[in-house]
Structure formats: structure tokens, C-alpha cells
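Enquirer: quick check, what structure comes out for this input:
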Amino acid sequence: MEGDRTDQTTDVIIPLDAEAANALGSKARREAAGRYLSGLLKNGRLPEVMAEAIAEAKHEARSRGLTDADIDAELAAWRAEGRL
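Expert: Presented below is the predicted three-dimensional model:
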């Protein structure tokens, strides 16, 4: 890719679960998701957004009675299965 040209796009393959893939079934939704992801990556906001998402997920898990140990055990199981 050349420089910082915003009028060029490149298709990439990103693995998603089936539900997320179905949500991107239309060209308009894929283009919107691509613009959003491009903005996150180009503006250096990805770490910030990921940290916010993780914090929200942990908050929701805790509000449902899960502890940090429960969350860590689930993550370890996912890693062992190769899902993370």
C-alpha cells in the first residue's frame, strides 16, 4: 500500500464466529465495519477501545456473579482449546 491514501481499500480475511459473520452479510455493513476498523487502526485507538471492551465484559461478568478467578479459568480453557 502507498502512503496514507484514504481512497484505496484492501480486502482482508478476518476469522469471525458464525453470528458475527451473519451480521456482516450485506455489503453496506461490511463497508461500515471496515471504515470503523480502519479508523481504530489508523488513529492508534485500538488499544484504548480493546481495554474499554475488556473492562465492560469484566464488569458484566462480575455483575452476574463471576469472580476474576472464574474469568481467568474460562480464558485458560479457551486458550487450551486454541480458541484464543
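Enquirer: how about the helices in the chain?
Expert: Using DSSP state H, the helices of the chain run over residues 18-23, 27-42, 46-63, 68-80.
Enquirer: list of residues touching the first one?
Expert: Just to be clear, that refers to helix 18-23. For helix 18-23, contacts defined as CB atoms under 8 Å, 6 or more residues apart in numbering pick out Arg29. Every C-beta, even on glycine, is put in place using the N, C-alpha and C of the backbone.
Enquirer: in that helix, what's buried?
Expert: Buried residues in helix 18-23, defined by neighbour count with 16 or more other CB atoms under 10 Å: none.
Enquirer: still on that earlier bit, quick one, which of the helices of the chain is nearest to Val12?
Expert: Nearest to Val12, of all those, is helix 27-42, at 8.8 Å by CB to CB.
Enquirer: quick one on the thing from earlier: so which of the helices of the chain comes closest to Gln8?
Expert: Shortest distance between Gln8 and those, using CB to CB, is found for helix 27-42: 10.8 Å.
Enquirer: show me what the closest one packs onto, helices and strands only.
Expert: For helix 27-42, not one helix or strand is in contact under the criterion 3 or more CB pairs under 8 Å, 6 or more residues apart in numbering; DSSP states H and E.
Enquirer: report the angle between that helix and helix 46-63.
Expert: Orientation check (axes from the mean of the first three to the mean of the last three CA atoms, to 10 degrees): helix 27-42 against helix 46-63 gives 110 degrees.
Enquirer: so how far is helix 27-42 from its chain's centroid?
Expert: Centroid separation for helix 27-42 versus its chain: 12 Å, with CA atoms, centre = their mean, to the nearest Å.
Enquirer: ok, residues contacting that helix?
Expert: Here helix 27-42 has contacts from Thr9, Ala23, Leu24, Arg45, Leu46, Val49, using CB under 8 Å, 6+ apart.
Enquirer: phi, psi of Leu24?
Expert: Backbone geometry at Leu24, expressed as degrees, to the nearest 10, gives phi -100, psi 30.
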